[in-house]
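Chemist: Provided below for reference: sequence and predicted model.
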Amino acid sequence: MTQGPLADPIEEAGRIATAARAVGVKPKLLGGAGIHLSSPSARKPPLRRKYGDLDYAIRKKDRQAVQALFPTLGYEANEQFNLMQGDRRLYFYDVDHSRQVDIFIDIIQMSHVIDLRGRLEGDGPCASPSDLLLSKLQIFEVNRKDLVDLTALLLDHPIVKSSNEDCIDCTYVAKVAADDWGMYRTLQENIGKLRQTLDDLDVDRDVVRSRLDELWSAVETQPKPLKWKLRAQVGDRMRWYELPEEVRSPYQPD
């Protein structure tokens, strides 16, 4: 009999990673759980926290294999959602532990869009530190848990100007921000909130602040195209973000 999902989400992420490797697919863990695996600071106080749902990004070519994989691991598919949205996103549910698995296909589309095509080929279990950072910073309604996770990520990963699996590539982040003024504006807001949150956390604040300075310097100095400059003139008078609807599982009570 196939073992069902484990109660601990981090252990369960490990079980999923092992099963995925066995069938040749490469789901990349996102969110707090992804930062937990990639950042030692997230595994100890004061930044350690509990995790709930699991979020992944996959390559489009892995979609069918992933759709076949999760039911074998004891997950129920959200059939209606997957039928309607399955070209860009999939949902599965762990009934026993009331836990969702949210799977983005090639592109994360939440408050903003992050195109991950070509960035999901590595063999590691998580998205890159740069993409973990962006996936958190792009949340317009960022919360304290998100800011705690970002603190851990910045403590453990230096800022560099090139692609590096163990670092945050500020050139990549800057290009993403220069492609979309709305993304730039949300990053600006959330980095400000992160700086304020640091005052309440017993961590090496100077390291995090200096890395934020390096990151934002790269964002500001990146050349901006005309469409960015035109949108910047409109500014906050027009909404620059989306508020994604939460997908309810058919197994959750109303």
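Modeler: Done, it's in.

Chemist: give me the three-state assignment for residue 233.
Modeler: helix (DSSP: H, G, I helix; E, B strand; the rest coil).

Chemist: count residues in the vicinity of it, would you?
Modeler: Using other CB atoms under 10 Å, residue 233 has 8 other residues around it. Glycine gets a C-beta too; all of them are placed from N, C-alpha and C.

Chemist: stretch 28-43: end-to-end distance?
Modeler: This stretch, stretch 28-43, spans 19 Å end to end (CA to CA, to the nearest Å).

Chemist: what sits up against it?
Modeler: By CB atoms under 8 Å, 6 or more residues apart in numbering, the list of residues contacting stretch 28-43 from outside reads 9-10, 13, 17, 47-49, 51, 53-58, 104, 108, 116, 120, 122, 124-127, 129, 131-132, 135-136, 145-146, 149-153, 155-157, 203.

Chemist: cool, and stretch 117-125?
Modeler: The contact list for stretch 117-125 (CB under 8 Å, 6+ apart) reads 13-14, 17, 26, 28-29, 37, 57-60, 106-107, 127-128, 131, 165.

Chemist: which of those are buried?
Modeler: The neighbour count (16 or more other CB atoms under 10 Å) marks 13, 17, 26, 28-29, 37, 57-59, 106, 127-128, 131 as buried among the contacts of stretch 117-125.

Chemist: and the furthest pair within those residues?
Modeler: Spatially, the most separated pair among the buried ones among the contacts of stretch 117-125 is 37 and 106, at 21.5 Å (CB to CB).

Chemist: and residue 59, what does it touch?
Modeler: By CB under 8 Å, 6+ apart, the contact list for residue 59 reads 26, 105-106, 120-121.

Chemist: which of those fall within helices?
Modeler: The members of the contacts of residue 59 all map outside helices under DSSP state H.

Chemist: ok, the closest residue to residue 144 other than its chain neighbours - contacts?
Modeler: Once flanking residues are discounted, residue 144 sits nearest to residue 197: 6.8 Å by CB to CB, 6 or more residues apart in numbering. Residues near residue 197 by CB under 8 Å, 6+ apart: 144, 147-148, 151.

Chemist: hang on, residue 197 is in a helix, isn't it?
Modeler: Yes. Under three-state DSSP, residue 197 sits within a helix.

Chemist: helix, strand or coil for residue 24?
Modeler: Applying three-state DSSP: residue 24 is coil.

Chemist: if I look at it, how far off is residue 57?
Modeler: 17 Å (CB to CB, to the nearest Å).

Chemist: cool, residue 197 as well?
Modeler: To residue 57, residue 197 is 26 Å away according to CB to CB.

Chemist: nearest to residue 78 among the contacts of residue 59?
Modeler: The shortest approach to residue 78 among the contacts of residue 59 belongs to residue 105, at 14.5 Å (CB to CB).

Chemist: what's the neighbour count on the closest one?
Modeler: By other CB under 10 Å, the residues close to residue 105 number 24.

Chemist: check the one 5 residues further on too.
Modeler: A count of neighbours around residue 110, defined by other CB under 10 Å, yields 18.

Chemist: and the one 5 residues further on, by the same measure?
Modeler: Residues within reach of residue 115, counting by other CB under 10 Å, total 12.

Chemist: out of everything not next to it in sequence, what's closest to it?
Modeler: Nearest non-adjacent residue to residue 115, counting by CB to CB, 6+ apart: residue 107, 5.3 Å away.

Chemist: if I look at that neighbour, how far off is residue 91?
Modeler: For residue 107, the distance to residue 91 equals 16 Å [CB to CB].
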